[in-house]
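J.: Quick one, fold the following:
(one chain, ligands or ions: 2)
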Amino acid sequence: MQATSDSPSGRLTAIVPAAGVGARAADGTGPKQYRPIAGTAMLVHTVRALLAEPRIDRVLVAVAPGDAQAANLLAGVARVQVLACGGATRYDSVANALAAAGLAGDDWVLVHDAARPGLPADALAALIDACLPDPVGGLLALPVADTVKRAGEGEAAPRVEATLSREHLWQAQTPQMFRAGLLSEAFARVRARGEAPTDEAGAVEALGARPLLVRGSFANLKVTWPQDFIWMEKWLG
Ligand SMILES: Nc1ccn([C@@H]2O[C@H](COP(=O)(O)OP(=O)(O)OP(=O)(O)O)[C@@H](O)[C@H]2O)c(=O)n1
Ligand SMILES: C[C@](O)(CO)[C@H](O)COP(=O)(O)O
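T.: Numbering: from 1, shown residues only. Ligands and ions are numbered 1, 2, ... in the order given. Just a heads-up that it's a prediction; the model follows:
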């Protein structure tokens with residue numbers, strides 16, 4: 001499956017992985033990206049946040065094969081295309097969408113989780129401003145603010161095994177923005193090693209490159225647990 005593109009080289013394409021099942025947020029109503037938040041499906045909030053940025057030329061939404069919900073929700077929305085190319089992991093879904101996107105090596109790709117509907121416009125603009133002149137690209141992230149504990153393994157009631165230093169630690173968010181050529185090369189490298197990194201920066205790091213860390217926002221929370229919906233409802237409502 002190939003996404004149609006009239007983008008000249010150097011343009012910016014967003015890829016939204018939306019093929020997860022949302023096991024940690026499960027409430028029996030299906031994948032979390034379709035659950036309403038303030039009356040609108042999570043995925044629609046996420047796509048709107050990306051479309052509000054004029055430098056994004058098009059948004060490719062990667063859904064599981066056979067999933068018709070995204071296509072129904074986004075039918076007729078300009079600059080949006082739904083691709084039934086989702087895979088077994090987030091990495092597979094993004095890699096499949098990138099392969100289908102038909103991009104030139106120096107086109108930019110901005111990958112953003114469907115599960116982060118609260119992306120603020122200023123954080124997205126700051127990421128693009130920082131990455132466009134950069135040779136590597138980068139990601140939104142937040143410096144770790146809390147004391148970090150490591151728990152012991154296999155315990156019914158987890159107990160602290162160690163307190164770790166939080167110095168220099170950041171929590172990765174999305175979007176993550178890289179040139180299509182660099183990201184394809186990075187994905188090929190990790191695939192050859194039999195790895196499936198949990199974010200795009202992790203793949204780029206495997207090439208020895210050092211992505212930029214651009215300060216994100218708490219509002220850009222990844223909706224993961226049932227209680228995250230309550231907070232996101234307040235932010236988006
Ligand atoms: N095979 C997969 C798994 C995840 N994702 C997407 O990757 C993003 C981040 O993943 P996560 O929040 O972990 O979502 P789920 O995998 O759906 O959640 P869970 O791990 O709780 O099942 C989500 O937008 C999700 O839809 C995807 O496109 N393809
Ligand atoms: C990419 C990501 O949002 C960065 O924090 C995160 O890793 C995705 O979540 P997953 O649970 O690893 O799919």
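J.: In this protein, which residue sits closest to ligand 1?
T.: Of all residues in the chain, Gly20 sits closest to ligand 1, at 2.0 Å by C-beta to the nearest ligand atom. Yep, even glycine has a C-beta here, placed from its N, CA and C like the rest.
J.: ok, the longest helix along the chain near ligand 2 or not?
T.: Longest helix of the chain, by residue count under DSSP state H: helix 180-192. No - judged by C-beta under 6 Å from any ligand atom, helix 180-192 stays clear of ligand 2, getting no closer than 13.5 Å.
J.: who in this protein is up against ligand 1?
T.: Within the chain, the positions near ligand 1 by C-beta under 6 Å from any ligand atom are 17-25, 33, 62, 86-90, 93, 113-115, 222, 224.
J.: Select from those residues every entry located in strands.
T.: Among the residues of the chain next to ligand 1, DSSP state E puts Pro17, Ala62 in strands.
J.: Just the residues of the chain next to ligand 1: which are in helices?
T.: Among those, the ones falling in helices (DSSP H) are Arg90, Ser93.
J.: PyMOL command for the buried members of the residues of the chain next to ligand 1?
T.: Here is the PyMOL command that selects the buried residues among those (16 or more other C-beta atoms under 10 Å):
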select buried, resi 17+18+19+20+22+25+33+62+86+87+90+93+113+114+115+222
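J.: So which of the residues of the chain next to ligand 1 would count as near ligand 2 as well?
T.: Contacts with ligand 2 within the residues of the chain next to ligand 1, counted by C-beta under 6 Å from any ligand atom: Arg90, Asp113, Lys222.
J.: could I get these as JSON lines with pLDDT?
T.: What follows is those, written out as JSON lines (pLDDT from 0 to 100):
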{"residue": "Arg90", "pLDDT": "98"}
{"residue": "Asp113", "pLDDT": "98"}
{"residue": "Lys222", "pLDDT": "98"}
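J.: Closest one of those residues to Asp57?
T.: Of all those, Asp57 sits closest to Asp113, with 19.7 Å by C-beta to C-beta.
J.: which residues does Ile37 bridge with?
T.: On the basis of DSSP bridges, Ile37 is bridged to Thr40.
J.: quick one on the thing from earlier: got the CA positions of the very next helix or strand once past the longest helix of the chain in PDB?
T.: As assigned by DSSP states H and E, the chain's next helix or strand after helix 180-192 is helix 200-205. Provided in PDB are the C-alpha atoms of helix 200-205 (Å, rounded to 0.1, in the frame of the first residue of the first chain):
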ATOM      1  CA  GLU A 200      12.100   6.700  16.800                       C
ATOM      2  CA  ALA A 201      14.900   8.400  18.700                       C
ATOM      3  CA  GLY A 202      16.000   5.100  20.000                       C
ATOM      4  CA  ALA A 203      16.400   3.800  16.400                       C
ATOM      5  CA  VAL A 204      18.300   7.000  15.400                       C
ATOM      6  CA  GLU A 205      20.600   6.600  18.500                       C
END
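J.: Good, we can wrap up now.
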